[in-house]
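*Asks:* Return atomic coordinates for the entry below.
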Amino acid sequence: MMSPAAVLKRAAPVLACIGLLAIWQAAALVLKNDSFPTAIEAIRAIPDILGDKESLINILASLRRMAMGFGAAVLFSIPLGLLMGRSRAVAAFFNPLLMVIYPVPKAALMPIIMLWLGVGDVTKTLVIFLGVSLPVIYHSFEGAKAVEQKMLWSGAAMGLSPLQRLVRIVLPAALPEILTGCRTGLVLALITMITSEMIARQSGAGNILFNALDMGQYDTVFAMIIIVGAMGICLDAIFERIRARLVRWSEPQFDMPLSFS
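*Replies:* Numbers count the residues shown, from 1 in each chain. Down below sits the predicted model:
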């Protein structure tokens, strides 16, 4: 039987969401503004969105682009971050390039990328890739840099090559930090996905949201915001469960409950 503290911990995210919806409902009733529907009106619009075949296809297309951009970023960023963390030369070469790209909002790159690649899936996927890559590179770099040199010396003494030491020693030791970067990147992937679709308005969840705003369908706008938020919560919860299983050995005694996991 779960203790009251454990029950409260698990119920805290749900209670927080209910409290937010209650505040939203009360504020909408007080303000009585057509552009600010009540929470109940927005929730009622969700089945209409998900029940529409075209809207559902657009949302699934958004998730596909997000998965492609996130996956490509992870495959590119983890090896680069590990190499930067263990090689001064690699870090010295890539660090200035990353510092130039990092402060630039990825949405600001959309017009340039659209001129080069058009407004199709490649452009949106590339923007997601850029948004996800930097935090994953940074956390991979920090994780690799923190590996004790004694472990690498021991691996070398056992006859492991530099590549084998990177894969068999550095990667496992840096995995908790890498997965933290991936979790951050997952949230950024969702943000950049919606932003790119609102700029290059052809398809996707961002396109649904912006079209509804243009037509004054404010309940649909807020319903899409709820759907996007729910997508973020579900993706984060799934990833956190995977992360917890992979790095259970490194878990701290106390962790802030950031998701429903």
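
*Asks:* Quick check: chain neighbours aside, which residue is closest to Tyr102?
*Replies:* Leu134 (5.3 Å; CB to CB, 6 or more residues apart in numbering). For glycine as for every other residue, the C-beta is placed from the backbone atoms N, C-alpha and C.

*Asks:* Can you give me the pLDDT of that neighbour?
*Replies:* pLDDT for Leu134: 91.

*Asks:* hang on, it in a strand?
*Replies:* No: Leu134 is assigned helix when assessed by DSSP: H, G, I helix; E, B strand; the rest coil, not a strand.

*Asks:* Make residue 1 into 560 and carry on from there
*Replies:* In the new numbering, first residue 560, that becomes Leu693.

*Asks:* I'd assumed Val663 was in contact with it.
*Replies:* No: the criterion here is CB atoms under 8 Å, and Leu693 misses it with Val663 at 10.2 Å.

*Asks:* Those two: who's more crowded?
*Replies:* Shown here are Leu693 and Val663; by other CB atoms under 10 Å, Leu693 has more neighbours (21 against 10).

*Asks:* what's near enough to touch the more buried one?
*Replies:* Counting by CB atoms under 8 Å, 6 or more residues apart in numbering, Leu693 makes contact with 636, 657, 660-661.

*Asks:* ok, and the most crowded of those residues?
*Replies:* Ser636 (25 neighbours).

*Asks:* if we can go back for a sec, would you format the contacts of Leu693 as CSV with pLDDT and distance to Ala575 included?
*Replies:* Output for those, formatted as CSV (pLDDT from 0 to 100; distance: CB to CB, whole Å):
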residue, pLDDT, distance to Ala575
Ser636, 94, 32
Leu657, 86, 35
Ile660, 82, 35
Tyr661, 80, 31
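
*Asks:* Please point out which parts of the longest helix seen in the chain sit buried.
*Replies:* Ordering each helix of the chain by length in residues (DSSP state H) puts helix 612-645 first. Neighbour-count burial for helix 612-645 flags 614, 617-618, 620-621, 624-625, 627-629, 631-633, 636-637, 639-645 (criterion: 16 or more other CB atoms under 10 Å).
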